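Novice: below: sequence and its predicted model.
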Amino acid sequence: MTSPQDQAAEQQAILDGHPRRWAILGVMVFSLLIVVLDNSVLNVALRSIQEELNATQAQLEWAVNSYTLVFAGMLFTWGVLGDRYGRKLILIIGMACFGLSSALCAFASTPNQLIGYRALMGFVGAAVLPVTLAIVTNVFPPAERGRAIGVWAGSTGLAVAVGPILGGVLLEHFWWGSVFLINVPVAIVAVTSVALLVPESKDGSPLPIDPVGVVLSLLGIVLLVYGIIQGGNLNDWWNVEVTGSIVGGIALLALFAFIERRSTHPSLDITLFKDARFSASTAAITLAFFALFGAVFFLSFYLQYVKGYSPLQAGLRLIPTALGLAIFAPLSEKFVKLVGIRAVVATGLCLVSLTFLGIQFIEVGSPYWKLAICQAMLGCGMGLTVAPSTNAFMSVLPRDKTASGSAVTNAFRQIGGALGVAILGSVLASSYRAQITPALSKLPKDVANVAAESLGSTLQIVKANPGLPDAQAVVTAALDAYVNALHSATLVASFSAFIGAIVAFKWLPAKPPQPSEPVESTH
């Protein structure tokens, strides 16, 4: 039994924080960069993958979402494993396996192979996010925790900035697989740093693993997203395959919620949502990432296909979003102290919403500075949203449940992003197909069907068949159709962010969140 003196010493250690906490934060940020960097690098490589692997628009969406969905589904399990066996150990295992699976992706020879290896990356990459946040929360005292989480969250902005540039440089000199192969040396450095600097921590009474919940949630969300992507790809939402997948996915998710509510060790702890801070912050982050992931996905095509930029040029032109996020995420804590978390998060989401309204004025021939302003607003809005919302839900959790508890909201972040790519991508695909079809009427039916799948498909068909009737007119119509479809998708993104702002303003606390009382933890 712990003596009063030992308890007092542990409480004082919690208040003082770990002596190497700032170095540990640096290692956690570097570790997180591996996971976040992967998606941001991939965005500028999508055109190269589409052309070299002959991938369809739907396959490109799955190349993004196979990673994201499995990542989201495994967050809770890895969080529990971190609480049970040690967060340092799980972090090392996750990063080492992430490096290996990245190498497999680099040498994929078909779109379906790439999708499968990306799913494997998501499976092991999910170990990184919950335990890095749990370690940061564990080593920092309550007084410094908000700033530390702000730096941790702001590192995503650094990844968004570095990723496209790094991807562009690699694609200028190497094949598309290099954007995955670069993860291998980064993973080696991260594993070594964690082994040398990070202390082990775990939960004295960890939760059991919930395999039924994991399987049901994964199957449900995959079916739902598959139906949404297919609906946009076919432009037929009443197709049996589409409606069956969507209805089946919703049914499985409903069964998942029913079982989790009655489980003694649920993957999704329903009781957490009784706290308004947790529910509202989770909703805010989910809707923000819904808009962000979808936007970055289709803006990369706009920059490369419509504006004609190379991968490196496109990567450089994504920097305003990253800089805004990286700058405003750490500063958000000061704004919260001045005006309260409710005002800061609601303002951030309003900026995100206004960003997508601004994109309604972007046309084929628009100068880049118009898009740059929108991107900067998006980054600032995300910076004001992510860190305060993250701190709000972490303040609800007991100190020794941070890995498994934070996994819940991080899962919703990833699911929001996956739904953003799926739903906004489907809106864009449906709108594009409807608008480009009349311009393809003079082409053979089978060729026209392939060309209507996406802007990339249209341009590839024209390039491969220069003798097609009215080839230049088809290209012009394709660019106009894509931009109009972009407007439709960004309207949906704007609406989702505005709903998030309403939720934040109504249910987030006006005052900064107070950290939960520290409880006994095993270090």
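Specialist: Thanks, I have the structure now.
Novice: whatever helix or strand Thr286 lives in: how far from the chain's middle?
Specialist: Assigned by DSSP states H and E, Thr286 falls within helix 276-301. Offset of helix 276-301 from its chain centre (C-alpha atoms, centre = their mean, to the nearest Å): 8 Å.
Novice: which other residues reach the very next helix or strand once past it?
Specialist: For helix 276-301, the succeeding helix or strand toward the C-terminus, using DSSP H and E, is helix 311-316. Residues outside helix 311-316 that contact it (C-beta atoms under 8 Å, 6 or more residues apart in numbering): 44-45, 47-48, 163-169, 171-172, 300, 303-304, 307. Backbone N, C-alpha and C define where each C-beta goes, glycine included.
Novice: now with 6 Å, please.
Specialist: Outside helix 311-316, the residues within contact range by C-beta atoms under 6 Å, 6 or more residues apart in numbering are 44, 164-165, 167-169, 171-172, 303-304.
Novice: how about stretch 355-364?
Specialist: Contact with stretch 355-364 is made by 306, 370-371, 374, 377-378, 479, 483, 487, 490, 493-494, as judged by C-beta under 6 Å, 6+ apart.
Novice: now do the buried residues in stretch 180-198.
Specialist: 180-183, 186-187, 190-191, 193-194, 198 (16 or more other C-beta atoms under 10 Å).
Novice: quick check: mean pLDDT of stretch 262-278?
Specialist: The average pLDDT within stretch 262-278 is 76.
Novice: start to end distance for that stretch?
Specialist: Start and end residues of stretch 262-278 are separated by 20 Å (C-alpha to C-alpha, to the nearest Å).
Novice: list the buried ones in it?
Specialist: Buried, per 16+ other C-beta under 10 Å, within stretch 262-278: 263, 266-269, 272, 277-278.
Novice: just name the closest of the residues you listed to Phe289, please.
Specialist: Phe278 (16.6 Å; C-beta to C-beta).
Novice: how about the contacts made by the closest one?
Specialist: Contacts of Phe278 were listed using C-beta under 6 Å, 6+ apart, and they are 272, 393, 396.
Novice: mind giving me the packing neighbours of the helix or strand hosting Ile149?
Specialist: Assessed by DSSP H and E, Ile149 sits inside helix 142-173. On a contact count with 3 or more C-beta pairs under 6 Å, 6 or more residues apart in numbering; DSSP states H and E, helix 142-173 meets helix 21-52, helix 178-181, helix 311-316, helix 319-339, helix 368-394.
Novice: and of the ones you listed, who's closest to Leu459?
Specialist: Short answer: helix 21-52, nearest of these by C-beta to C-beta, at 9.6 Å.
Novice: who are the packing partners of the closest one?
Specialist: helix 128-139, helix 142-173, helix 183-197, helix 276-301, helix 311-316.
Novice: closest one to Trp507 among those helices?
Specialist: Closest to Trp507 of the helices and strands packed on helix 21-52, according to C-beta to C-beta: helix 276-301, at 3.7 Å.
Novice: show me the helices in the stretch 401-523 of the chain, by range?
Specialist: Using DSSP state H, counting those that start in this stretch, the helices of the stretch 401-523 of the chain run over 402-419, 425-436, 445-451, 455-464, 471-507.
Novice: let's have those helices in CSV, adding mean pLDDT, mean neighbour count and distance to Ser353.
Specialist: As requested, those are arranged in CSV below (pLDDT from 0 to 100; neighbours: other C-beta atoms under 10 Å; distance: least, C-beta to C-beta, whole Å):
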stretch, mean pLDDT, mean neighbour count, distance to Ser353
helix 402-419, 73, 26, 15
helix 425-436, 88, 23, 16
helix 445-451, 78, 15, 34
helix 455-464, 82, 19, 26
helix 471-507, 91, 20, 4
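Novice: of all those, which lies closest to Leu255?
Specialist: helix 402-419 (16.9 Å).
Novice: what's the distance between the residue nearest to Lys202 when sequence neighbours are not counted and Ser201?
Specialist: Nearest-residue entry for Lys202: Gly86, 4.7 Å, with adjacent residues in sequence omitted and distances by C-beta to C-beta, 6 or more residues apart in numbering. When distance is defined by C-beta to C-beta, to the nearest Å, Gly86 is 7 Å away from Ser201.
Novice: done for today, thanks.
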